[in-house]
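Engineer: with the input below, show me the fold.
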Amino acid sequence: MSIAIMGAGAIGSVIGGMLARQGHGVTLVGRKSHMDAISQSGLHISGIWGRHTVLNLDAVTSPPHKYMDLVFLTVKSFDTATSARDALSMVGPDTMVVSMQNGLGNVETLAGIAGRDRTIGAMAIFGAIIPEPGRVEVTAIASETLVGEMDQPPTPRVEAIARMLDDAGIPTKTSANTMRDIWHKALYSIALNPLSALLEVPYGDIADNPDTRWLIEKMISEAFQVAGACGVDLGLESPEEYLKILWDQKLPPTREHRSSMLQDILRGKRTEIDFINGAVVRLGEEYGIETPNNTALVRIVKAKEGLKAGKN
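Structural biologist: Here you go, the predicted model:
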């Protein structure tokens, strides 16, 4: 199968590299320094899924004008629209396009550009970093990667993608309710990403602190109110039910993980806060729901983002 990874940073490189190890023809589209290093000496994968050097990759800085069977969009949320349009040079009549991204609104944006009938939603629920160009490290996994249709139960094409990823060594299963699962992942990010970025600590430290737990409870409560107003059925009775799942199941495997938002801030880069907590704020304004705690976190992250960028 011919596969392209549009926005091959840490997560995208891991996906592309693991698939290439299975013999798929993979093209990585990413930043020049990372792509140059991969072209020269291969992609070096390390971490919890073992050590691998992958040599059979095409690493480029702009999408080729060649139709692919499958295109993964793994860019930051603020680049979704631009990258989706750029990726159209790889999208033929039978191409499937998968949004494998953080935050809310990406799948809908992609569907508006590539077409709803070819758009698939997915969630990579593992963490990865780029220690240096040409190298990626898989740092943690909270649960299986999920793949699903936007508004229907799993289809044969979704089952095939999930099986392909799972066979490549990325634990994956299909999603019976993709939009619900995207919200569930967003709740995890809403709770942990901004606090990890602001306090510069791993998730476990946040979970152990009564003050950060108090704030997380407030932010999740606001997110639940907003989801309900939007007509999203989270499949949970209350914020308290989700928080129990977060503390008891989702967080323990990722206690040592530091958020990608923190990595972005330390590098002086723009974060995805507008598409995580910021999405709660934006939708709250639209539906007349106050979100003071999420609003405060968004403002403080943006302040730190700006201050760090000014120093780099």
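Engineer: so residue 111: helix, strand or coil?
Structural biologist: helix (DSSP: H, G, I helix; E, B strand; the rest coil).
Engineer: would you confirm that it contacts residue 178?
Structural biologist: No: the criterion here is C-beta atoms under 8 Å, and residue 111 misses it with residue 178 at 11.5 Å. In this view, the C-beta of every residue, glycine as well, is placed from N, C-alpha and C.
Engineer: shared neighbours of these two, anything?
Structural biologist: Common neighbours of residue 111 and residue 178 (criterion: C-beta atoms under 8 Å, 6 or more residues apart in numbering): residue 150.
Engineer: more neighbours: the two, which one.
Structural biologist: More neighbours surround residue 178 than the other of residue 111 and residue 178, with 25 against 20 (other C-beta atoms under 10 Å).
Engineer: leaving out chain neighbours, which residue sits closest to that one?
Structural biologist: Leaving out its chain neighbours, the residue that sits closest to residue 178 by C-beta to C-beta, 6 or more residues apart in numbering is residue 148, at 3.5 Å.
Engineer: beta-bridge partners for the one you found, please?
Structural biologist: The residues listed as beta-bridge partners of residue 148 by DSSP bridges are residue 121.
Engineer: need the contact list for it.
Structural biologist: Counting by C-beta under 8 Å, 6+ apart, the residues that residue 148 touches are 120, 121, 122, 154, 158, 174, 175, 176, 177, 178, 181.
Engineer: show me what contacts residue 31?
Structural biologist: Applying C-beta under 8 Å, 6+ apart, we find residue 31 in contact with 9, 61.
Engineer: and it, how far from residue 297?
Structural biologist: Per C-beta to C-beta, to the nearest Å, residue 31 is found 28 Å from residue 297.
Engineer: also residue 73?
Structural biologist: Between residue 73 and residue 297 the computed distance is 26 Å (C-beta to C-beta).
Engineer: ok, now residue 64?
Structural biologist: Distance from residue 64 to residue 297, counting by C-beta to C-beta: 40 Å.
Engineer: show me what stretch 50-58 is in contact with.
Structural biologist: Outside of stretch 50-58, the residues that reach it under the criterion C-beta under 8 Å, 6+ apart are 16-18, 20-21, 25-28, 38, 42-45, 64, 169.
Engineer: may I see the buried residues of that stretch?
Structural biologist: Neighbour-count burial for stretch 50-58, with 16 or more other C-beta atoms under 10 Å as criterion, is recorded at 52, 54, 57, 58.
Engineer: which ones among those are found in strands?
Structural biologist: With DSSP state E as the criterion, strands contain 52, 54, 57, 58 from among the buried residues of stretch 50-58.
Engineer: out of the residues you listed, who's nearest residue 141?
Structural biologist: For residue 141, the closest of those turns out to be residue 52, at 16.2 Å, with distances computed as C-beta to C-beta.
Engineer: what's the pLDDT at the closest one?
Structural biologist: Residue-level confidence at residue 52 comes out at 97, pLDDT.
Engineer: the one 4 residues further on now?
Structural biologist: Each residue has a pLDDT score; the one for residue 56 is 94.
Engineer: check which helices and strands the helix or strand where residue 198 lies sits against.
Structural biologist: Element membership for residue 198, per DSSP states H and E: helix 178-199. In terms of contacts (3 or more C-beta pairs under 8 Å, 6 or more residues apart in numbering; DSSP states H and E), helix 178-199 is packed against helix 106-114, strand 119-123, strand 145-148, helix 203-208, helix 210-229, helix 260-266, helix 277-287, helix 292-311.
Engineer: try 7 Å
Structural biologist: Identification of packing neighbours for helix 178-199 by 3 or more C-beta pairs under 7 Å, 6 or more residues apart in numbering; DSSP states H and E yields strand 119-123, strand 145-148, helix 203-208, helix 210-229, helix 260-266, helix 277-287, helix 292-311.
Engineer: quick one, what contacts residue 35?
Structural biologist: Under the criterion of C-beta atoms under 7 Å, 6 or more residues apart in numbering, the contact list for residue 35 reads 28, 59, 60, 61.
Engineer: before we move on, what about residue 29?
Structural biologist: The contact partners of residue 29, taken as C-beta under 7 Å, 6+ apart, are 4, 5, 6, 7, 8, 60, 62, 63.
Engineer: out of those residues, give me the two with the largest separation.
Structural biologist: The span of the contacts of residue 29, defined through C-beta to C-beta, is set by 5 and 62 at 13.2 Å.
Engineer: which of these two has more neighbours?
Structural biologist: Summary of the neighbour comparison: residue 5 and residue 62, criterion other C-beta under 10 Å, with residue 5 having more neighbours (31 against 9).
Engineer: if you tally nearby residues, what's the number for residue 218?
Structural biologist: The number of residues near residue 218, taken as other C-beta under 10 Å, comes to 16.
Engineer: show me what contacts it?
Structural biologist: Residues residue 293 are the ones in contact with residue 218 under the rule C-beta under 7 Å, 6+ apart.
Engineer: let's number from 5 now, not from 1
Structural biologist: That works, and once the first residue is 5, the last one we named lands at residue 222.
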